[in-house]
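Asker: Test case, fold it:
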Amino acid sequence: TQRSFPTDNAHRGGVASGVDLESGTLGPALHYDDALTERRSRDDHPDTGVRITGTVLPNWADVREVVLHMARHLRCVVYVGWDVAITDSSPGFKILEANDHCGRHLIQGHAGLLRNPRVRRFFQYHQVL
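Answerer: A predicted model of the protein is given here:
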């Protein structure tokens, strides 16, 4: 967003949307209010009005395959949050960075991550919770 420029950090006013891992379809975006105190769900981009919810990411199968391949080989990190940019140039995406101990609260806001007993046990075992 204009407020989070030049980065797209959700805590600085950017938007973050959950991705259906099978289809690459975006869910509603989370976005902080103008005071950056309350997180709200929205279906469109706050600056442009472009629809977010329901958008299917291009090249999703390739993105998922590459990220999973890299994660399998990055065994020194317990869990990783990947920043990926979809591009118009080949191969259609860029891996921007891998974040160890990424913000669970952001992921939790999208999917109720800790409702899954397997995920909850993982985080408890690794003393993340």
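
Asker: quick check, residue 61 in a helix?
Answerer: Yes - Residue 61: assigned to a helix according to DSSP: H, G, I helix; E, B strand; the rest coil.

Asker: residues in contact with the residue lying closest to it once chain neighbours are set aside?
Answerer: Leaving aside its sequence neighbours, residue 61 sits nearest to residue 24 (Cβ to Cβ, 6 or more residues apart in numbering; 7.5 Å). Heads up, the C-betas are built off the backbone N, CA and C, glycines and all. Residue 24 makes contact with 56-57, 60-61, 63-64, according to Cβ atoms under 8 Å, 6 or more residues apart in numbering.

Asker: With neighbour count, pLDDT and distance to residue 125 added, can I get those residues in a markdown table?
Answerer: Listed next are those as a markdown table, based on neighbours: other Cβ atoms under 10 Å; pLDDT from 0 to 100; distance: Cβ to Cβ, whole Å:
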| residue | neighbour count | pLDDT | distance to residue 125 |
| --- | --- | --- | --- |
| 56 | 11 | 96 | 34 |
| 57 | 19 | 94 | 31 |
| 60 | 19 | 94 | 30 |
| 61 | 11 | 94 | 30 |
| 63 | 21 | 94 | 28 |
| 64 | 16 | 94 | 25 |
